[in-house]
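Asks: Got a sequence here, can you model it:
(one chain, ligands or ions: 2)
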Amino acid sequence: MKTKAFIFDLDGVIVDTAKFHFQAWKMLADELGMEFDEEVNERLKGVSRMRSFEIILEVNGAMERFTEEEKTALITKKNDLYVELIKTLTPADALPGIEALVNSAKAAGIKTAVASVSKNAPAVLSALGLADRFDYVADASKVKNSKPDPEIFLVCAEALGIAPSECVGIEDAQAGIEAIKAAGMYAVGINVTVTSLEPDMHLASTAELDFTKLSEIA
Ligand code: B16
Ligand code: MG
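Replies: Ligands and ions are numbered 1, 2, ... in the order given. Next up is the predicted model:
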């Protein structure tokens, strides 16, 4: 197929903010005396803030420990720290190959969008100097379901006016690959730890994103 749109995940594809999410969740988990490591963190990628906290509670057998109000207060605390951490981002933090791919897409008339469930996505894109570079940035507040639900990728395709079958989705998380495939798109995985569904194309890093190859998917 001739690709008509590239839809990018944010955390882990455009920028490595996963390390900041990890630091912020770790601070909260330590404070609550709960276990939290890189393996659990992998399961939080692409997952909403509240659902992420619930996974941490599940892993610790603590699902009943807090009321809804307490959970909301605790995830707000996590987010406050995350917001502080992303203030350190600069344009130099955009991952290799991303800007070049977006520029090549623009020159070739291929549309681009960002499919992030993060409510902090606009702030992160601004800090990277990329806020105005994409044709569409999905508004997380309008999406009801986190990845692996395909909703956010379908919202992007619809906003761009492109059929899902002509879109290439780029993701670093298993939940994101599942979302792309469920949307009926071609899935490119960046250093994905595969636990179930395989991406259609595996790359070790964003530096391997090849415009020529991605614009003509065989
Ligand atoms: P926030 P993505 C996701 O972004 C992150 O991967 C996930 O770890 C995070 O919990 C989620 O955003 C919500 O983020 O707390 O900032 O609203 O991978 O869809 O770009
Ligand atoms: Mg991601």
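
Asks: ok, now how distant is A121 from ligand 2?
Replies: As judged by Cβ to the ion, to the nearest Å, A121 and ligand 2 stand 11 Å apart. In this view, the C-beta of every residue, glycine as well, is placed from N, C-alpha and C.

Asks: Please name the residues that touch that residue.
Replies: Neighbour list for A121: L10, V114, V137, A138, A140 [criterion: Cβ atoms under 8 Å, 6 or more residues apart in numbering].

Asks: Using a markdown table, lay out those residues together with secondary structure, distance to L197 and neighbour count.
Replies: Below are the contacts of A121 laid out as a markdown table (DSSP: H, G, I helix; E, B strand; the rest coil; distance: Cβ to Cβ, whole Å; neighbours: other Cβ atoms under 10 Å):
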| residue | secondary structure | distance to L197 | neighbour count |
| --- | --- | --- | --- |
| L10 | coil | 20 | 24 |
| V114 | strand | 22 | 26 |
| V137 | strand | 26 | 22 |
| A138 | coil | 21 | 23 |
| A140 | helix | 23 | 19 |
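
Asks: CA atoms of stretch 144-154 as CSV?
Replies: Taking Å, rounded to 0.1, in the frame of the first residue of the first chain, the C-alpha atoms of stretch 144-154 are listed here in CSV:
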residue,chain,number,x,y,z
LYS,A,144,-12.8,7.2,26.6
ASN,A,145,-10.6,4.1,26.3
SER,A,146,-6.8,3.7,26.8
LYS,A,147,-4.7,1.5,24.6
PRO,A,148,-5.0,-1.5,23.8
ASP,A,149,-8.4,-0.1,22.7
PRO,A,150,-8.0,1.2,19.1
GLU,A,151,-10.1,4.3,19.8
ILE,A,152,-7.2,6.8,19.9
PHE,A,153,-5.7,5.6,16.6
LEU,A,154,-9.2,5.6,15.0
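
Asks: Just give me the longest helix of the protein.
Replies: The residue-count maximum for a helix in the chain (DSSP state H) belongs to helix 68-86.

Asks: which helices and strands does it pack with?
Replies: helix 18-31, helix 49-59, helix 121-127 (3 or more Cβ pairs under 8 Å, 6 or more residues apart in numbering; DSSP states H and E).
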